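Student: Pasting the sequence and the predicted coordinates here, then a few questions.
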Amino acid sequence: MNATLLNQEIKTDVAVIGGGPAGMAAALSASKNGAHVLLIERDVRLGGILNQCIHNGFGLHYFKEELTGPEYAQRFAERVLADDNIDVLTDAIVLSLDDERKTLSVLSAGGLRTVSAGAIVLAMGCRERTAGAISLLGTRPAGIYTAGAAQKFINHYGKLPGKTAVILGSGDIGLIMARRLTFEGATVKFVAELMPYSSGLKRNIVQCLDDFDIPLEFSTTVTRVVGKERVEGVFVARVDANNTPIPETERFIECDTLLLSVGLIPENDLISDSGITMNAITGGAEADEWRQTSTPGVFSCGNVLHVHDLADNVSLEGEIAGASAARVARGEALPPCTVRVNGTDGVRYAMPSTLSEGEGKVTVFFRVGKVFKNAKLIVTSGETVIAKKAALIFTPGEMESVSIDKSKLCGDVTLRIEEGEQR
Amino acid sequence: MNTYDVAIIGAGVVGSEIFRRLTSLGLLCVLVERSSDVAEGGASKANSGLVHAGFDCKPGTLKAKLNVRGAKLYPELCKRLSVHFRPSGAIVAAEEEDREHLFKLWEQGQKNGVPDLRVIERDEILKLVPTLHPRIACALYAPTAGIVSPYEMTIACAEEGVLNGGTVRLNFPVTSLSRKDGVWTVSDGTEKLTARAVINSAGAQSNKINALAGAEPVSLSFRRGEYVLLDLTEGELVKTTVFPLPTAKGKGILVTPTAHGNLMLGPPAADTEDPTPLATQEGMAAIRTGVTSLVGNINFRKGIRIFAGTRVSSGDDFIIETSKLCENYVYLAGICSPGLSSAPAISEYVAALLTSFGFTLEEKPDPILRKPIPSPLGMPKAALNELIKRDPAFGRIVCRCEKITEGEIVAAIKSPIPAVTVDAIKRRTRAGMGRCQGGFCMPRVTEIIARETGVPLENVTKRGKGSELLIGNIKEVQE
C-alpha cells in the first residue's frame, strides 16, 4: 500500500531503506515471512536505478524472460504496492540511522519523522565514481558527466547531453551509454579503459561497442580535458604498468562530451558513523549467510553490500535479507554463522563472509582480481575440496557464483583460483 | 533611466563588498559583472577561503594594513551577513632548523599589529594537528585567523546591497567606458548605464577595463593553483589551517578545514599567461609532496573534487588608486592573497577615496539584512516540520549527499540575485558539492531551474551562455 503516513513516530517490524530491486525484493520477502514493512524510497516512485535502464537483458534468470529495467522493476513494484503488509514512503530520505536502537530519522514532504523498527534492511544502492575521485585534469567545462547522469538525461528527460562523445571506463553503464548515444544521434568516438581488461560484461562489449564499430582501447586513459565553457576535446594516452600515462602516446580527440564510467561505490554514508564492520574490498558491510551485518538486526543487500552485475542476483540477495530481517523482527534467532569464507589466490572477495553449519545449498558470490583463462575455482572447507567450477574465463568485471553444499562443511571455507594454461 | 552614483565593475568578493558598503553608506550603486553570477568570473570562487591574520605581509604595505584591519572586521561582518565564519586560527609549521624564520615571521606580525601571535611548541601543535609530521618542531600560531566560504561571502555582500537599493547586472561584459559632462557611460555594446563614478574591481580584467577608461596602464601577472577537496569524513583531521613557511612564491601549499567541514589541500603556484583555471599533473604532485611534509594520514582516496583558481598580482602590493588621468575613477589591481581577508577593509578604504569625488557618505540607519536560505539540516524538529507544513518542498531532498531540499533550490532561484545556472545553485545551496558531485542531483537541479525559469531543459547552463548542459531532444522525442 502506498500510504500517506500522518504519524510523526512510526513503528514497524522491518524498515527497508531503498526501493530499488534489492529493497523491493527484501520488502516482499519480509512481508511473506509475516513482517509489517516500511519501505522508504528517495525517488518519487519505486524502481531505483532500473527506472532509467531502458535496455533489456534483465530477468533472464529470475523470470526466465528478457525484460527492460523498468519492466523488471515494475514486476516487483506492482506486488509491493498491492501488499497490505508493506507501507511505502516515496520522495523520502533517511537522514540518520541508529543501528543499535534500530531507529531512523526520515525526511519527506510530510515532515521529519522517527521510525522504530525491529530490524533494518540497507538497500541504498551505489553511486558513481567522480571526476574528482580519479583526479581528472584539465579545465572544468560543461559536458563532463558520469554515465548514469547522462543516462538519466537521455532516458528520463529525453534530452541529448552532447553530439560527439568520448567515454572513459568500460564499466557496463558506459558501454550501455555508448550504444544509447549512438541510437539517439550522437557519435561516440572512443572508449578508453585504464585496465588491460574490461570492467563490464562481455555481452555489453559485443552488443554496445563491437556492433557499432566503436573503438575500445585498453590501458588507456584521459589525461586532460580541454574547453573553457563546454568540452572541446580530450587528450588520451596509453598507460604503463603503473597506470602512469606515457607522454609520447598522448593524442587529442575532438569531442563535446566526456562520459565517466569509472566504477561504482556502495552508498554507505548512512552507516559510516555506526559501529557496523565494513569490508574494505567491497566498500560494503561485512555480512553473513543471512546478509546480517555485525550489528544484529541490521541487514544489507544489493549494490550497497557489494556491486552486482545482474539485477536478478540483487533480487535474490534482497529476498535473503528480507526473510532474515522478518525472523529477527519477531524475536527469532538466526542460526549463527561461524564458518568463515575467504578468497585467496586470485579471488578478490567472497560474499557472504560467514556461513552457518547445517544442511542445504548456499550460493557464494565472488569476484576475481584479474583475468584468468581456462581456470578452475577450487572451494575447500578445512582440508577438503568441496566444490569446483571451471570456466573459460574469470574476469573482475563479471561476478561469479558457486553453490556449496553445507552438509560438506568441515572447517573454514577458502575460494581460490587454479590457473590453467594461458592461450 | 537613473544615473547611478557609482558603477562597480567586477562582482568578485572585493567588488561585491564595495557594492555592499557603498550602498549602506547611502550611494545608489550598480554592480556590473561579465559572467553569469557573482563570484563566477574569477578568483573569488576558487581560493583557500582563509581570513589571514596578516603576519605574512611586508610591513608598511597596503596589504599589511588592509589584511590586519580586514581580519578584525570579519567576525562582525559575517554575523551581519549570516555567513558562517570559523574562527579556527592558523599555524605556520616549521622544523627546528627553521625556528629563526618563524621568529622573523612573528616579528613581522608584531610590526603589522597582528594580535595574539605566538610561537608554540610541538606538544601544543599536536592538540591542533594530531597527525603532525614528525619533523615539525614549532609553529607560529595566529588565533585571529579564520575560515570563510569565499563565494558565500561574495553572494551575501551582493545580496545585502540589492536588498538596500543597489542593482546587480549579470551577463554584462563592459566593452566601453566613456566620460562626458561629468557622467560615465558604461556599456556592454547593447545597453548603456550611466554613473557619476566608476570603480574598477575587475580582477584579471582590471588592466583591460583601465585601458577602456583611458586610465593608468596596469600590468598583471597570473599564478595558477589547484586545490584538492576531500570528503566531509576527513574534515576533522586538522583543527586549524596549517601552513608551511612562506616563500617568495607565496604562502605555500596548505592543509585546511573548509567552512563547510571538508578538508582542503593546496594551492601550488605556477606562473601562467592564461588565467583560465586548470588542474595539472605537476600541480597535483606538488600538493602531495607539500602536504605530506606537514600532516600525516591524509587519505587521498577520499578526494571528491579538484578545482583550480588563478591569483592576479600587480607588483608586490595591492593597487587601489584614484586615477589621475580620469575623473571620478578608482581602480583596484593585483588583489591576490590576502584579498579575501582584506575585503571589508578594502571597501572602507575605497569609500574614503570616494569622499574626494564630492560624495557624502553616511551610514543608512536600519539596513535590511539578508537572510540565508533556511537549511533543514540542524533545524530543530518542530521548526523543521513547521517549515515543511508551510512549504513541503523543504521536505523533498534533491541532493542526497549534502541533504539539500527542493525548497532550498527554489529559494536560491528566487533569491535577491537569482541563481539560474547549475553552478550558481551549487554555490548558494551546496547541491552538487557532495561525494557524488552532482551525479544524482544535477539532472533534477536542471529540471527545477527549467521549471522555475520557464525555459526548456536544453537552455539551462552550467555557468552561463556557452556552457549549456544539453544540446536538445533525443531523436525519439517529437516536440
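Tutor: Arrived safely.
Student: Can you show me the strands along the stretch 151-300 of chain A?
Tutor: A:159-160, A:164-168, A:187-192, A:216-217, A:220-226, A:233-238, A:251-254, A:257-260, A:264-266, A:298-300 (DSSP state E, counting those that start in this stretch).
Student: B:G70 reaches B:S337, doesn't it?
Tutor: No: counting by C-beta atoms under 8 Å, B:G70 stays clear of B:S337, with 11.9 Å between them. Yep, even glycine has a C-beta here, placed from its N, CA and C like the rest.
Student: Those two: which has the busier surroundings?
Tutor: Shown here are B:G70 and B:S337; by other C-beta atoms under 10 Å in any protein chain shown, B:G70 has more neighbours (26 against 22).
Student: Shouldn't that one be within a helix?
Tutor: Yes: under DSSP: H, G, I helix; E, B strand; the rest coil, B:G70 falls within a helix.
Student: OK, contacts around it?
Tutor: B:51, B:338, B:341-346 (C-beta atoms under 8 Å, 6 or more residues apart in numbering or on different chains).
Student: hmm, 6 Å instead?
Tutor: Counting by C-beta atoms under 6 Å, 6 or more residues apart in numbering or on different chains, B:G70 touches B:341-342, B:344-345.
Student: one step back: could you export the strands of the stretch 151-300 of chain A as CSV, including mean pLDDT, distance to chain B and mean neighbour count?
Tutor: Shown next, in CSV, are these (pLDDT from 0 to 100; distance: least, C-beta to the nearest C-beta, whole Å; neighbours: other C-beta atoms under 10 Å in any protein chain shown):
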stretch, mean pLDDT, distance to chain B, mean neighbour count
strand A:159-160, 96, 4, 24
strand A:164-168, 97, 10, 25
strand A:187-192, 96, 12, 22
strand A:216-217, 96, 21, 16
strand A:220-226, 97, 8, 22
strand A:233-238, 98, 11, 20
strand A:251-254, 98, 15, 13
strand A:257-260, 98, 9, 27
strand A:264-266, 95, 8, 21
strand A:298-300, 98, 18, 29
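Student: Which of those strands sits closest to A:G284?
Tutor: The closest of those to A:G284 is strand A:264-266. By C-beta to C-beta, the value is 4.4 Å.
Student: And the closest one, what does it pack against?
Tutor: In this structure, strand A:264-266 makes packing contacts with strand A:126-128, judged by 3 or more C-beta pairs under 6 Å, 6 or more residues apart in numbering or on different chains; DSSP states H and E.
Student: For the contacts of B:G70, pick the one with the most neighbours.
Tutor: Neighbour max across the contacts of B:G70 (other C-beta under 10 Å) = B:S342, 34 neighbours.
Student: Go over the secondary structure and confirm it is in a helix.
Tutor: Yes: remark: B:S342 belongs to a helix, assigned using three-state DSSP.
Student: Which pLDDT value goes with it?
Tutor: As summarised for this prediction, B:S342 has a pLDDT of 98.
Student: which residues does it contact?
Tutor: Contacts of B:S342 were listed using C-beta under 6 Å, 6+ apart, and they are B:66-67, B:70.
Student: next one: B:G358
Tutor: Counting by C-beta under 6 Å, 6+ apart, B:G358 makes contact with nothing.
Student: how far away is it from B:T23?
Tutor: 18 Å (C-beta to C-beta, to the nearest Å).
Student: ok, now B:R122?
Tutor: For B:R122 relative to B:T23 (C-beta to C-beta), the value is 48 Å.
Student: Can you list the low-confidence ranges for the stretch 51-200 of chain B?
Tutor: Scanning the stretch 51-200 of chain B for pLDDT under 70 picks out no residues.
Student: give me phi/psi at B:V30?
Tutor: phi -120, psi 130 (degrees, to the nearest 10).
Student: Could you report the pLDDT at it?
Tutor: On pLDDT, B:V30 comes in at 98.
Student: That one reaches B:T167, doesn't it?
Tutor: Yes: in this structure B:V30 lies within contact range of B:T167 using C-beta atoms under 6 Å: 4.5 Å.
Student: between those two, who's got more neighbours?
Tutor: Applying other C-beta under 10 Å to B:V30 and B:T167 shows that B:V30 carries more neighbours, namely 23 against 17.
Student: show me the contacts for that one.
Tutor: B:4, B:7, B:167, B:193.
Student: and the last one, which of the three is it?
Tutor: Reduced to three states with three-state DSSP, the structure at B:L193 is strand.
Student: Distance of the closest residue in space to it that isn't next to it in sequence relative to A:L194?
Tutor: Leaving out its chain neighbours, the residue that sits closest to B:L193 by C-beta to C-beta, 6 or more residues apart in numbering or on different chains is B:V186, at 4.6 Å. Noted for B:V186: a distance of 50 Å to A:L194, by C-beta to C-beta.
Student: And these two? Which one has more around it.
Tutor: Set side by side, B:V186 and A:L194 show more neighbours around B:V186, with 26 against 18, by other C-beta under 10 Å.
Student: Does the more buried one touch B:I8 like I think?
Tutor: No: applying C-beta under 6 Å, one finds B:V186 not in contact with B:I8, separated by 9.9 Å.
Student: Closest one to B:I287 out of the contacts of B:V30, please.
Tutor: Taking C-beta to C-beta as the measure, B:I287 sits nearest to B:A7 out of these, at 39.2 Å.
Student: Now the closest one: which helix or strand?
Tutor: Per DSSP states H and E: B:A7 is located in strand B:3-9.
Student: for that strand, the distance to its chain's centre please.
Tutor: Remark: strand B:3-9 is offset 22 Å from the chain centroid, using C-alpha atoms, centre = their mean, to the nearest Å.
Student: now it: mean pLDDT?
Tutor: For strand B:3-9, mean pLDDT is 98.
Student: now for that strand, which elements pack on it?
Tutor: For strand B:3-9, the elements it packs on are helix B:13-24, strand B:29-32, strand B:192-200, judged by 3+ C-beta pairs under 6 Å, 6+ apart.
Student: Buried ones in the second one, by neighbour count?
Tutor: Going by neighbour count (16 or more other C-beta atoms under 10 Å in any protein chain shown), the buried part of strand B:29-32 is B:29-32.
Student: what's the answer for the last one, then?
Tutor: If you call a residue buried by 16+ other C-beta under 10 Å, then strand B:192-200 has these buried ones: B:193-200.
Student: give me the residue from the stretch 251-400 of chain A nearest chain B.
Tutor: Relative to chain B, the nearest point of the stretch 251-400 of chain A is A:S272 (6.5 Å; C-beta to the nearest C-beta).
Student: From chain A, how far off is the residue nearest to B:L193?
Tutor: Separation of B:V186 from chain A (C-beta to the nearest C-beta, to the nearest Å): 24 Å.
Student: What of B:L126?
Tutor: Distance check for B:L126 against chain A: by C-beta to the nearest C-beta, it reads 25 Å.
Student: No more questions from me, cheers.
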